[in-house]
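Engineer: my questions concern the predicted model and sequence given below.
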Amino acid sequence: MVTTEEALLMGINAPRQHQRIISKLTTGLGVLYYVNGEIDLEPLPETMIDEGQTSPVPDVLLYDNEAEQTRIIIEVCHPNGLANDLQKVVRLIEENQYGVVEGFVYEYKNGRWYKYRKGVGHLSDRTSFSDVLQLDLNDFL
């Protein structure tokens, strides 16, 4: 049985602006992965983080097919959902064994990025730059 908290974690937020940002991120990263072969992580939108069981669904995840682990998660939010999405990213990175090392939250009303790295915590510098991918996610927006 799925708890209320788990249901909220799995929930989908689908306003057009929200989905537009997810589309831009997956398209830009997808070209780098599928077409150019420049990154090793496959970008997937609204995908279960653990296919073996009911699990949270980040807005975008970047998956290492060789290691069979999610390495990066991205949440897109409105200011009203920022605190919950920040908490979700921290929980998925620190409290679970999904293999996630970087998490991002993009708050689209104000165009702000927030970054969390496993073992380091919240970062205030270069908040849209992925150390794992060595690129700035904001470039896709």
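Structural biologist: Nice, thanks for sending it over.
Engineer: which helices and strands sit right next to the biggest strand by length in the chain?
Structural biologist: Secondary structure of the chain read by DSSP state E shows that its longest strand is strand 69-77. Under the contact criterion of 3 or more C-beta pairs under 8 Å, 6 or more residues apart in numbering; DSSP states H and E, strand 69-77 touches helix 16-30, strand 60-64, helix 82-94, strand 102-107. The way it works is simple: take the backbone N, C-alpha and C, and place the C-beta from them, glycine included.
Engineer: as JSON lines, these with mean neighbour count, distance to Asp50 and mean pLDDT would be great.
Structural biologist: As requested, those are exported to JSON lines (neighbours: other C-beta atoms under 10 Å; distance: least, C-beta to C-beta, whole Å; pLDDT from 0 to 100):
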{"stretch": "helix 16-30", "mean neighbour count": "17", "distance to Asp50": "20", "mean pLDDT": "95"}
{"stretch": "strand 60-64", "mean neighbour count": "22", "distance to Asp50": "11", "mean pLDDT": "97"}
{"stretch": "helix 82-94", "mean neighbour count": "17", "distance to Asp50": "10", "mean pLDDT": "94"}
{"stretch": "strand 102-107", "mean neighbour count": "24", "distance to Asp50": "16", "mean pLDDT": "97"}
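Engineer: in this structure, which residue is most central in space?
Structural biologist: Computing the C-alpha centroid of the chain and ranking residues by C-alpha atoms, centre = their mean puts Ile74 first, at 1.6 Å.
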